[in-house]
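Novice: Structure here, sequence nowhere to be found:
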Ligand SMILES: Nc1ncnc2c1ncn2[C@@H]1O[C@H](COP(=O)(O)OP(=O)(O)OP(=O)(O)O)[C@@H](O)[C@H]1O
């Protein structure tokens, strides 16, 4: 059975139909990359898959159960959602923020255990953030804060991660490091849905791609069927060509 399923899902913002009749099944061990222009509805889709944004038609199923019937705590155990917003309105250390990933696993009056602390520290270290634990989140650079929010999602240890541009603001080395960490998560059996503005992240991580054309239409499937110059040129309204290297296609904009 699929972990998460979109069934005839339609999403609107105001009068604008962003996604029409989307059918998607995300199974264990799959990584989906979601691509499309600014404003095409990628974040709206992730919000809907997380059970937050209400569809105009259709539904999202989590483990085969309609999302509205899944209690919030159960949702939080099943899926981790990294949004684009990293700011926190009140003072918080990096470790405190990362430990929020354990909240779904704690009872009402329970404090984080030594194992929770070790897990959070471990996720920070995987993203090159060892030594940042006691720093005030607000004092971090944009890329550092982005990595903390990814470490928080990893600390949640949910079978499915919904990641909204986890690599934005990351430099080249930290992008590669984060991709390696996500590949490890995939190998461990987790599933990932990742929004990106770089189609080349697909070859490094994804098994499947979802292209959102912004007018309600979409294309979804395994990488070889969905990632090609024709569809990407249509997606970005700009000609895209491909360079073949080591059996992978690398997509570049034509000048
Ligand atoms: N509350 C709202 N009311 C009206 N329109 C909204 C609202 N929230 C978002 N939108 C619009 O819905 C569209 C989709 O927004 P969304 O954030 O899903 O796009 P996106 O594909 O994630 O974009 P980006 O690549 O810029 O992050 C955008 O045109 C946005 O302006």
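Specialist: Structure's in. What do you need? Just so it is clear, the structure is predicted and the values come from calculations on it, not from any experiment.
Novice: ok, and the closest non-adjacent residue to residue 54?
Specialist: Nearest-residue entry for residue 54: residue 48, 7.6 Å, with adjacent residues in sequence omitted and distances by C-beta to C-beta, 6 or more residues apart in numbering. In short, each C-beta sits where N, CA and C put it, glycine included.
Novice: Tell me if the helix or strand hosting that neighbour is near the ligand.
Specialist: In this structure, residue 48 is located in helix 42-49 according to DSSP states H and E. Yes - counting by C-beta under 6 Å from any ligand atom, the ligand is contacted by helix 42-49 at 42-44.
Novice: show me where the stretch 1-150 of the chain has helices.
Specialist: 42-49, 72-78, 94-99, 114-126, 142-156 (DSSP state H, counting those that start in this stretch).
Novice: Could I get the average pLDDT for the first one?
Specialist: Just to be clear, that refers to helix 42-49. Average pLDDT, helix 42-49: 98.
Novice: Show me which residues of it are buried.
Specialist: 42-49 (16 or more other C-beta atoms under 10 Å).
Novice: all strands for the stretch 151-255 of the chain, in order.
Specialist: Counting by DSSP state E, counting those that start in this stretch, the stretch 151-255 of the chain has strands at residues 160-164, 191-195, 208-212, 218-222, 240-245, 248-253.
Novice: picking that back up, how near is the residue nearest to residue 54 to residue 30?
Specialist: Separation of residue 48 from residue 30 (C-beta to C-beta, to the nearest Å) stands at 18 Å.
Novice: give the contact list for the residue nearest to the spatial centre of the chain.
Specialist: When C-alpha atoms, centre = their mean is applied to the chain, the residue found nearest the centroid is residue 163 (1.5 Å). Taking C-beta atoms under 8 Å, 6 or more residues apart in numbering, we find residue 163 in contact with 82, 150, 153, 182, 192-195.
Novice: If we only consider those residues, which is nearest to the ligand?
Specialist: residue 195 (6.6 Å; C-beta to the nearest ligand atom).
Novice: tally of neighbours for the closest one?
Specialist: Residue 195 has 25 neighbouring residues, counting by other C-beta atoms under 10 Å.
Novice: go on, residue 173?
Specialist: Neighbours of residue 173 (other C-beta under 10 Å): 9.
Novice: State the number of residues packed around residue 190.
Specialist: With other C-beta under 10 Å as criterion, residue 190 counts 21.
Novice: pretty sure it contacts residue 162?
Specialist: No - using C-beta atoms under 8 Å, residue 190 makes no contact with residue 162, being 11.5 Å away.
Novice: Spit out the residues that contact these two alike.
Specialist: Joint contacts of residue 190 and residue 162 (C-beta under 8 Å, 6+ apart) do not exist.
Novice: Grab the nearest non-local neighbour of residue 70.
Specialist: Closest to residue 70 by C-beta to C-beta, 6+ apart is residue 62, at 5.0 Å.
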